[in-house]
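Student: mind looking at a prediction? Sequence and model below.
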Amino acid sequence: MGLTDTIAARFDVEGHDSDVRTELIAGLTTFLAMSYIIVVNPAILSDAIQIEGYGQGEVFQMIAIATVLSAAIGTAVMALYANYPFGLAPGLGLNAFFAYTVVLGLGIPWQTALAAVFVEGVVFMLLTAVGAREYVIRLFPEPVKRSVGAGIGLFLLFIGFQELQVVVPDETTLVTLGGIFGNPWAILGVLGVVLTFVLWARNVTGAIVIGIVTTSLVGWGLTLGGVFGRGTVTPETLPGVQYDITPLAGAFVEGLADIDPLTFVLVVFTFFFVDFFDTAGTLIGVSQFGDFLDDDGDLPDMDRPLMADAVGTTAGAMLGTSTVTTFIESSAGVEEGGRTGLTALTVAALFLASLVVIPVVAAIPGYASYIALIVVGVMMLQGLVEVDWTDPAWAVSAGLTVTVMPFAYSIADGLAAGIVAYPIIKVAVGEYDEVALGQYVIAALLALYYVLSTRGVIL
């Protein structure tokens, strides 16, 4: 038996109506669709993670390596343990929550934020191992679960528009439209967004990656051509090559000391909630493309891909990055015919191979990196169609979940608003018996937390 036959037998490729060549092409397709995270994740996290003795460019490379390794680990577990063709990597949304809400907003040390991600991953693994998934799913209001993706999408859009300087601060209205066409940074960012949306609309594989790379090359071309000086649309200086991630890896251990229990629990709760339901929703959504669902609309052995997600998250926190989750871009590979873990194993191998380009990622300008936030943010808004806007409890709960996230600049605050609102409206319309006891308890605890925190009693 040759190597190809051995690999095919290991993943039961023929039993899934596929072949090795199709699986490899599907893996390449998925990697191209999601590889933008190698640049975008460090662009976001490096705003919050500062390591003494190292410049931002060096920290950027450390996080990029942690991103690649955590993606490879999580995806390899998906391949070898779950045998599903799904790719995993640090997710957009939770990395923004990590950086801008937890670290920069709440003032929590980045090491403690990593500790929260680690704890969330361990809790995720334990709940998955004991088969508690169904209980957890029933514990949270349905409208919140259905709308959380759209809320994160708006949050990403708001961050992306600010980073591209399309939206700027205003003393009267808080925010306003920036002077886009008098600002080279904003001009290139907007043109990059337009290009990426055009490619995406035409179903071009790797549209986001192509948009980021093309926009970066244009910026560097204008700089090297003398149109702009260094530091205007390109980094003023480039850091040295940084492959040593020991200052970052393991930092979560330090973060477990001197934590504020209530705030830490809320952060862990938020990471867990979004990771769990984002992963579950993504798995179901992508599985529809590949006809993986059973007659009841469930994914067989779903605990296995959930475990891959939990392992990836835990490993990622140990390496120094935010929550790892299953990527919706996996649907690109599934549409190419990927049906087994061989597709995922190909994705993991390509992530490892991308380590050779780590020194290059620091040369990508910020406006090019943040193109992904706007494009992905728009894509995530499609979740709004799953909300029953004619039901008062759904409309209020989902509406607050979606809008509070960007306005409060926090995924946690949006989730809390939706969770607290749901039982209140259910009681108001006489449907109190449709609310589980656990939902009342969580809503009450969150309400108490926000009363105390907004009065300054606790942080």
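Tutor: Structure received. Numbers count the residues shown, from 1 in each chain.

Student: these two touch, right, S397 and I425?
Tutor: Yes - counting by Cβ atoms under 8 Å, S397 does reach I425; the two are 6.8 Å apart. Every residue, glycine included, has its C-beta placed from N, CA and C.

Student: more crowded one of these two?
Tutor: Legend: neighbour count by other Cβ atoms under 10 Å for S397 and I425, higher for S397 (28 against 18).

Student: so who does G333 touch?
Tutor: By Cβ atoms under 8 Å, 6 or more residues apart in numbering, G333 lies in contact with 26-27, 29-30, 33, 85, 87, 343, 347.

Student: how much space is there between D17 and S330?
Tutor: Taking Cβ to Cβ, to the nearest Å as the measure, D17 falls 18 Å from S330.

Student: now the helix or strand harbouring V427, how far from the centre of its chain.
Tutor: Element membership for V427, per DSSP states H and E: helix 411-428. Between the centre of helix 411-428 and the centre of its chain there are 23 Å (Cα atoms, centre = their mean, to the nearest Å).

Student: now it: buried residues?
Tutor: Neighbour-count burial for helix 411-428 flags 411-423, 425-426 (criterion: 16 or more other Cβ atoms under 10 Å).

Student: one step back: looking at the contacts of G333, which is nearest V385?
Tutor: Closest approach to V385 among those (Cβ to Cβ): A33, at 22.3 Å.

Student: that closest one touches G206, doesn't it?
Tutor: Yes - counting by Cβ under 8 Å, G206 is a contact partner of A33 at 5.9 Å.

Student: T176 belongs to a strand?
Tutor: Yes - per DSSP: H, G, I helix; E, B strand; the rest coil, T176 lies within a strand segment.

Student: ok, it - contacts?
Tutor: Counting by Cβ under 8 Å, 6+ apart, T176 makes contact with 167-170.

Student: distance check, the residue most central in space within the chain against V40.
Tutor: For the chain, G91 is the residue whose C-alpha lies nearest the centre (Cα atoms, centre = their mean; 1.8 Å). G91 is 11 Å from V40, where distance means Cβ to Cβ.

Student: what of F269?
Tutor: F269 is 25 Å from V40, by Cβ to Cβ.

Student: tell me which of the two has more neighbours.
Tutor: Between F269 and V40, counting by other Cβ under 10 Å, V40 is the more crowded of the two (28 against 20).

Student: which residues in the protein form strands?
Tutor: With DSSP state E, the ranges of strands along the chain come out as 88-90, 167-170, 174-177, 324-326.

Student: helices or strands up against the last one?
Tutor: Applying 3 or more Cβ pairs under 8 Å, 6 or more residues apart in numbering; DSSP states H and E, one finds that strand 324-326 makes contact with helix 56-77, strand 88-90, helix 261-290, helix 303-319.

Student: recalculate using a threshold of 7 Å.
Tutor: Where contact means 3 or more Cβ pairs under 7 Å, 6 or more residues apart in numbering; DSSP states H and E, strand 324-326 is packed against strand 88-90, helix 261-290, helix 303-319.

Student: repeat that for the first one.
Tutor: Contacts of strand 88-90 with other secondary structure elements, assessed using 3+ Cβ pairs under 7 Å, 6+ apart, are made with helix 37-45, helix 56-77, helix 303-319, strand 324-326.

Student: closest one to G337 among those?
Tutor: Between these, helix 56-77 lies closest to G337; by Cβ to Cβ that is 18.0 Å.

Student: the inter-axis angle of that closest one versus helix 303-319?
Tutor: 160 degrees (axes from the mean of the first three to the mean of the last three Cα atoms, to 10 degrees).

Student: buried set for the lowest-mean-pLDDT helix or strand in the chain?
Tutor: None of the helices or strands of the chain scores lower by mean pLDDT, DSSP states H and E than helix 133-139, at a mean of 76. Using 16+ other Cβ under 10 Å as the test for burial, helix 133-139 gives 133, 136, 139.

Student: quick check: the last one touching V435?
Tutor: If I follow you right, that is L139. No - shown here, L139 and V435 do not form a contact pair, counting by Cβ atoms under 7 Å, at 11.2 Å.

Student: ok, L222 touching V233?
Tutor: Yes - here L222 reaches V233: they are 6.2 Å apart, a contact under Cβ under 7 Å.

Student: more crowded one of those two?
Tutor: Using other Cβ under 10 Å, the more surrounded residue of L222 and V233 is V233, with 26 against 16.

Student: and the closest residue to that one other than its chain neighbours, how many residues sit next to it?
Tutor: Of all residues beyond its chain neighbours, the one nearest V233 is G219 (4.3 Å), with distances taken as Cβ to Cβ, 6 or more residues apart in numbering. By other Cβ under 10 Å, 26 other residues sit near G219.

Student: which pLDDT value goes with W220?
Tutor: With respect to pLDDT, W220 scores 95.

Student: what separation is there between it and T196?
Tutor: 18 Å.

Student: so these two - more neighbours on which side?
Tutor: Higher neighbour count among W220 and T196: T196, with 25 against 18, using other Cβ under 10 Å.

Student: ok, that one - contacts?
Tutor: Applying Cβ atoms under 7 Å, 6 or more residues apart in numbering to T196 gives the contacts 207-208, 211, 371, 375.

Student: what number of residues lie near the spatially closest residue to it that is not a sequence neighbour?
Tutor: Distances taken as Cβ to Cβ, 6+ apart place G211 nearest to T196, at 3.1 Å, with adjacent residues excluded. G211 has 26 neighbours, counted by other Cβ under 10 Å.

Student: next one: G211 from L199, what distance?
Tutor: If you go by Cβ to Cβ, the gap between G211 and L199 works out to 6 Å.

Student: and G255, by the same measure?
Tutor: 39 Å.

Student: that older thread, is it true that the residue nearest to V233 touches L188?
Tutor: Yes - using Cβ under 7 Å, G219 is in contact with L188, at 5.5 Å.

Student: who touches both of the two?
Tutor: V233.

Student: and D19, backbone torsions?
Tutor: phi -150, psi 170 (degrees, to the nearest 10).

Student: test my guess that it contacts I7.
Tutor: No - assessed by Cβ under 7 Å, D19 is found out of contact with I7, at 10.8 Å.

Student: to V361, which of the strands of the chain lies closest?
Tutor: strand 88-90 (14.1 Å).

Student: who does the closest one pair up with?
Tutor: Strand pairing for strand 88-90, determined by DSSP bridges: strand 324-326 (antiparallel).

Student: about what we covered before: tell me the confidence at the spatially closest residue to the residue nearest to the centre of the chain that is not a sequence neighbour?
Tutor: The shortest distance from G91 to any non-neighbouring residue, by Cβ to Cβ, 6+ apart, is to T325 (3.8 Å). Per-residue pLDDT puts T325 at 94.

Student: distance of T325 from D303?
Tutor: When distance is defined by Cβ to Cβ, T325 is 16 Å away from D303.

Student: ok, the two, which is more surrounded?
Tutor: Taking other Cβ under 10 Å, T325 and D303 do not tie; T325 has more neighbours (24 against 17).

Student: residue contacts, that one?
Tutor: 88, 91, 275, 278-279, 309.
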